[in-house]
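Trainee: Following is a predicted model, sequence given first.
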Amino acid sequence: MASKIDHAESVRAVRQLRRIRPVYAGGAVLWAASAGWTGWEDPGSRQMWVSVLFLVVFTGLLSVTSLWLGRGRLSRASEPVHHAAPRRTAWRPHVNA
């Protein structure tokens with residue numbers, strides 16, 4: 001059984017991966033557009049190959065991040081779900097005896 005510290009670290013890691021995934025997707029789209037534009041203007045140039053290299057890097061990062069998130073979701077399917085305690089009002093009327 002995992003300790004509570006391990007669980008907190010895994011929750012934090014999943015949160016960070018979810019936050020960074022759109023950055024990787026945006027980078028992949030940006031470098032795909034750059035590679036397409038540069039390939040159209042000057043095919044085979046150094047700038048085109050650098051854009052293709054960055055496209056491969058960001059696509060790889062996005063793929064690995066998505067794979068890790070998918071594996072984490074599958075491995076935690078058997079664990080019990082913990083929900084937050086229900087919120088109650090801070091002030092409760094007391095009945096006089």
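Mentor: Structure received.
Trainee: What residues sit buried inside the lowest-mean-pLDDT helix or strand in the chain?
Mentor: Taking mean pLDDT, DSSP states H and E as the measure, helix 4-41 is the helix or strand of the chain with the lowest mean score, a mean of 88. Neighbour-count burial for helix 4-41, with 16 or more other CB atoms under 10 Å as criterion, is recorded at Leu17, Arg21, Tyr24, Ala25, Gly27, Ala28, Trp31, Ala32, Ser34, Ala35, Thr38, Gly39. (Glycine included, C-beta is placed from N, CA and C.)
Trainee: Return the closest of the residues you listed with respect to Gly70.
Mentor: Leu17 (10.6 Å; CB to CB).
Trainee: List the buried residues of stretch 47-54.
Mentor: Met48, Ser51, Val52, Phe54.
Trainee: right, and the last one touches Trp31 too?
Mentor: Yep, that's Phe54 we're talking about. Yes - with contacts counted by CB atoms under 8 Å, Phe54 reaches Trp31, the gap being 4.3 Å.
Trainee: Any idea how many residues pack against Asn96?
Mentor: 3 (other CB atoms under 10 Å).
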